[in-house]
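> coords please:
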Amino acid sequence: MSKDTIFVEGAFVSRNQNAPDFIKCKVSYKVDDFIKFLNKHKNAAGYVNTDIKVSKEGKWYAQVDTWEPKSNESDFPF
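The predicted structure follows:
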(Lines give C-alpha, C1' and ligand atoms only; values in the text may rest on other atoms or scores of the structure.)
Protein backbone atom coordinates (compact mmCIF):
# COMPACT_ATOMS: atom_id res chain seq x y z
CA MET A 1 0.00 0.00 0.00
CA SER A 2 1.26 3.43 -0.90
CA LYS A 3 1.82 5.78 2.01
CA ASP A 4 1.16 8.79 -0.20
CA THR A 5 -2.35 10.21 -0.20
CA ILE A 6 -3.78 10.28 -3.71
CA PHE A 7 -6.74 12.63 -4.02
CA VAL A 8 -9.09 11.88 -6.89
CA GLU A 9 -8.66 14.45 -9.65
CA GLY A 10 -11.76 15.48 -11.55
CA ALA A 11 -14.19 14.27 -8.87
CA PHE A 12 -15.78 16.69 -6.44
CA VAL A 13 -17.59 15.38 -3.35
CA SER A 14 -20.08 17.44 -1.37
CA ARG A 15 -22.77 16.96 1.25
CA ASN A 16 -25.98 18.98 1.31
CA GLN A 17 -27.01 19.27 4.96
CA ASN A 18 -30.63 19.69 3.85
CA ALA A 19 -30.67 16.46 1.83
CA PRO A 20 -32.58 13.45 3.19
CA ASP A 21 -30.57 11.01 5.34
CA PHE A 22 -30.50 8.37 2.59
CA ILE A 23 -28.45 10.73 0.38
CA LYS A 24 -24.95 10.61 1.84
CA CYS A 25 -23.06 12.77 -0.64
CA LYS A 26 -23.00 14.07 -4.20
CA VAL A 27 -20.10 13.43 -6.55
CA SER A 28 -19.59 15.57 -9.64
CA TYR A 29 -17.11 14.57 -12.33
CA LYS A 30 -15.15 16.83 -14.66
CA VAL A 31 -15.10 14.14 -17.33
CA ASP A 32 -11.88 14.89 -19.24
CA ASP A 33 -9.83 15.30 -16.04
CA PHE A 34 -11.46 12.27 -14.40
CA ILE A 35 -10.80 9.99 -17.39
CA LYS A 36 -7.11 10.99 -17.40
CA PHE A 37 -6.93 10.31 -13.66
CA LEU A 38 -8.61 6.90 -13.99
CA ASN A 39 -6.26 5.83 -16.77
CA LYS A 40 -3.24 6.93 -14.73
CA HIS A 41 -4.25 5.18 -11.48
CA LYS A 42 -6.09 2.01 -12.55
CA ASN A 43 -4.79 -1.22 -11.06
CA ALA A 44 -3.85 -4.39 -12.95
CA ALA A 45 -7.50 -5.47 -13.07
CA GLY A 46 -8.56 -2.09 -14.51
CA TYR A 47 -10.14 -0.68 -11.33
CA VAL A 48 -9.58 2.49 -9.32
CA ASN A 49 -10.85 1.97 -5.77
CA THR A 50 -11.74 5.09 -3.80
CA ASP A 51 -12.89 6.00 -0.32
CA ILE A 52 -15.17 8.96 0.35
CA LYS A 53 -13.86 10.66 3.47
CA VAL A 54 -14.56 13.71 5.61
CA SER A 55 -11.70 15.99 6.67
CA LYS A 56 -11.29 17.30 10.22
CA GLU A 57 -12.77 20.56 8.91
CA GLY A 58 -15.86 18.71 7.66
CA LYS A 59 -15.05 18.83 3.93
CA TRP A 60 -15.91 15.69 1.94
CA TYR A 61 -13.35 14.32 -0.52
CA ALA A 62 -12.42 11.23 -2.52
CA GLN A 63 -9.12 9.42 -1.95
CA VAL A 64 -7.66 6.48 -3.84
CA ASP A 65 -7.63 3.25 -1.81
CA THR A 66 -4.23 1.77 -2.63
CA TRP A 67 -4.52 -1.29 -0.37
CA GLU A 68 -3.61 -4.54 -2.05
CA PRO A 69 -3.57 -7.97 -0.40
CA LYS A 70 -0.24 -9.62 0.16
CA SER A 71 0.29 -12.50 -2.20
CA ASN A 72 -0.30 -15.02 0.61
CA GLU A 73 -3.45 -13.33 1.99
CA SER A 74 -6.89 -14.54 1.10
CA ASP A 75 -10.11 -12.57 1.20
CA PHE A 76 -11.30 -14.69 4.12
CA PRO A 77 -9.61 -14.84 7.53
CA PHE A 78 -10.45 -18.52 8.08
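
> average pLDDT for stretch 57-65, rounded please.
Average pLDDT, stretch 57-65: 94.

> chain center to that stretch, what's the gap?
Distance, stretch centre to chain centre, for stretch 57-65: 8 Å (CA atoms, centre = their mean, to the nearest Å).

> can you list contacts of it?
5-8, 11, 13-15, 25, 27, 41, 48-55 (CB atoms under 8 Å, 6 or more residues apart in numbering). For glycine as for every other residue, the C-beta is placed from the backbone atoms N, C-alpha and C.

> ok but residue 36 is inside a strand, no?
No: Residue 36 is assigned helix when assessed by DSSP: H, G, I helix; E, B strand; the rest coil, not a strand.

> show me what contacts it?
9, 10.

> and residue 60, bridged to which residues?
Legend: beta-bridge partners of residue 60 under DSSP bridges are residue 54.

> okay, now it: neighbour count?
If you count neighbours by other CB atoms under 10 Å, residue 60 ends up with 16.

> same question for residue 62.
If you count neighbours by other CB under 10 Å, residue 62 ends up with 20.

> which stretches in this structure count as helices?
Ranges of helices in the chain, per DSSP state H, are 31-41.

> that older thread, give the PyMOL command for selecting the buried subset of the contacts of stretch 57-65.
Entered in PyMOL, the line below selects the buried ones among the contacts of stretch 57-65, by 16 or more other CB atoms under 10 Å:
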select buried, resi 6+8+11+13+41+48+50
